[in-house]
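[1] one predicted model, sequence on top.
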Amino acid sequence: MPVINSIAAEAETLKAWRRHLHQHPELLFDCVKTAGFVVEQLESFGIDEIHTGIAQTGVVAIIEGREPGRTIGLRADMDALPMEDLSGTAHASKVPGMAHTCGHDGHTTMLLGAAKYLAETRNFAGRVALLFQPAEEGGGGGRVMVEEGIMDRFDIEEVYGIHNAPGEPEGHLVTAPGPLMASADEFRIDIEGVGGHGAEPQESSDPIPAASAMVMALQSIVSRNVSAIDKLVVSVTQIHAGTAHNIIPGTAFLAGTVRSFRPEIRDLAEKRLREIAEMQAQVFGCTATVTYERGYPPTVNHAAQTRFAAEVAREVVGPENVRDDIDPIMPAEDFAYMLEARPGAYLFLGQGDTPNCHHPKYDFNDAIAPIGASFFARLIETALPLKS
């Protein structure tokens, strides 16, 4: 079955929704207007069971099928990023310092498109739980929704999500069972030395050489402590020290991120990072204090649900446009918390040769919204078939 005709016919409506959301981005849990827009549309579809205020501004709506059955969750994230919109489009962000440069406006639109179709047709046995989530971009809104009990409260048995994918051919759907996206941890290393005059370094314990040595030594975690078969990234993304050309500072700090897939590799990386920071500081007569915060866990697809989702994708976009064996990638995604709570799968929907997510010139490709909406709708109809 290709893209659903009635959803394809709504392409201009989906575009209008998406561009409205794009112009009015909101951050983290503060998705008040976005959630209000979502609820307004859901009510216009005749969906009666709408729950708001979950994870502050999250929305869960339930669509009942024609016959009883189990419940499947479909998730879309709603929040934007704290950056400028340099897309140059007529529908660019109207909010300074905020932009939908990851496509969550498109994700929300795709789920709304599927909701409209499913509410009109109800050609399934069971229930659909529409999960509109805030705070994916660093806030862990998925974790909060799970902790607030949405899976048990709404009897959700499986859960699925989609993310747009710049660089993948437009309309292609790709995924894989097992680890799909990495965990995301953050670290900060505060180095304390003894400051002094830049002309008399012998009178100081200079934290800058210590910091420089740490940057290089931390790379040995990947190259010498972990098998080449395992995937691990340790990136120092900040280094700060000093105020003037003739002053040796008393302090410095490094910060960065660690990405991995397996718990034992995650533990090893943290252990070695702490050891290296403390020992390197001592070499230069300084001390180091390490702050290590564990963020999103790995996004791990469940095998059976991934196979099923890939089969549905083949029906929607054609077998030649689906891959179910892609390599894992190092970015993180808080849909991971939902996949820890329930079986399910996460897929990427190609949006063609566009700027990458989080780039200031990124813009969601409106042409793929009917494809994503059709995938969600067909997944429900296939997973929850009518018995009579």
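    In hand now; what should we look at?
[2] list the residues that contact the residue nearest the centre of the chain.
    Nearest to the mean C-alpha position of the chain, by C-alpha atoms, centre = their mean, lies Glu333 at 3.1 Å. Contacts for Glu333 (C-beta atoms under 8 Å, 6 or more residues apart in numbering) come out as Glu136, His163, Met181, Tyr296, Thr299, Tyr346. Bear in mind the C-beta positions are built from the backbone N, C-alpha and C, glycine included.
[3] try 6 Å
    Residues near Glu333 by C-beta atoms under 6 Å, 6 or more residues apart in numbering: Met181, Thr299.
[4] same thing with His163?
    Phe348.
[5] checking it next. Helix, strand or coil?
    Under DSSP: H, G, I helix; E, B strand; the rest coil, the three-state class of His163 is strand.
[6] for the residue nearest to Tyr117 when sequence neighbours are not counted, the count of nearby residues, please.
    Nearest residue to Tyr117 in three dimensions, chain neighbours excluded: Ala377, at 4.9 Å (C-beta to C-beta, 6 or more residues apart in numbering). Residues near Ala377, counting by other C-beta atoms under 10 Å, number 28.
[7] Ala377 should be in a helix, yeah?
    Yes - counting by three-state DSSP, Ala377 falls inside a helix.
[8] what's the pLDDT at the residue nearest to the centre of the chain?
    pLDDT for Glu333: 96.
[9] quick one: the strands in the stretch 201-350 of the chain?
    232-241, 247-248, 251-260, 287-294, 299-301, 322-323, 344-350 (DSSP state E, counting those that start in this stretch).
[10] pick the most buried one from the ones you listed.
    Among those, strand 344-350 has the highest mean neighbour count (mean count of other C-beta atoms under 10 Å), at a mean of 25.
[11] quick one: mean pLDDT for that strand?
    On average, strand 344-350 scores 98.
[12] and what of stretch 126-140?
    On average, stretch 126-140 scores 96.
[13] and if you look at stretch 195-209?
    Rounded mean pLDDT across stretch 195-209 is 94.
[14] buried ones in it?
    Buried positions in stretch 195-209, judged by neighbour count with 16 or more other C-beta atoms under 10 Å: Gly195, Gly196, Ser204, Ser205, Asp206, Pro207, Ile208, Pro209.
[15] which one among those residues gets closest to Leu339?
    Pro207 (41.6 Å; C-beta to C-beta).
[16] surely the closest one meets Gly195?
    No - the pair Pro207 / Gly195 is not scored as a contact, 8.4 Å apart, by C-beta atoms under 6 Å.
[17] which residues of this protein fall in helices?
    Along the chain, the stretches classed as helices by DSSP state H are 5-8, 11-23, 32-44, 104-121, 141-147, 150-153, 207-218, 220-224, 263-283, 303-317, 335-341, 369-383.
[18] relative to Arg70, which of those is closest?
    Evaluated over the helices of the chain, closeness to Arg70 peaks at helix 369-383, with 8.5 Å, by C-beta to C-beta.
[19] what is the closest one packed up against?
    In terms of contacts (3 or more C-beta pairs under 6 Å, 6 or more residues apart in numbering; DSSP states H and E), helix 369-383 is packed against helix 5-8, helix 104-121, helix 303-317.
[20] any chance of those in TSV, plus mean neighbour count?
    Listed next are the helices and strands packed on helix 369-383 as TSV, based on neighbours: other C-beta atoms under 10 Å:
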stretch	mean neighbour count
helix 5-8	16
helix 104-121	25
helix 303-317	19
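[21] where among those helices is the average confidence lowest?
    Among these, helix 5-8 scores lowest, at a mean of 94.
[22] elements contacting that helix?
    helix 369-383.
[23] for the helix it packs on, list the C-alpha coordinates in CSV.
    Only the C-alpha atoms of helix 369-383 are listed here, as CSV (Å, rounded to 0.1, in the frame of the first residue of the first chain):
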residue,chain,number,x,y,z
ALA,A,369,5.0,14.7,6.2
PRO,A,370,2.3,12.7,4.4
ILE,A,371,4.7,9.8,4.3
GLY,A,372,5.4,9.8,8.0
ALA,A,373,1.7,10.2,8.7
SER,A,374,0.8,7.3,6.4
PHE,A,375,3.4,5.1,8.1
PHE,A,376,2.0,5.8,11.5
ALA,A,377,-1.6,5.1,10.3
ARG,A,378,-0.7,1.9,8.4
LEU,A,379,1.3,0.7,11.4
ILE,A,380,-1.8,1.0,13.6
GLU,A,381,-4.1,-0.6,11.0
THR,A,382,-1.7,-3.5,10.5
ALA,A,383,-0.9,-4.1,14.2
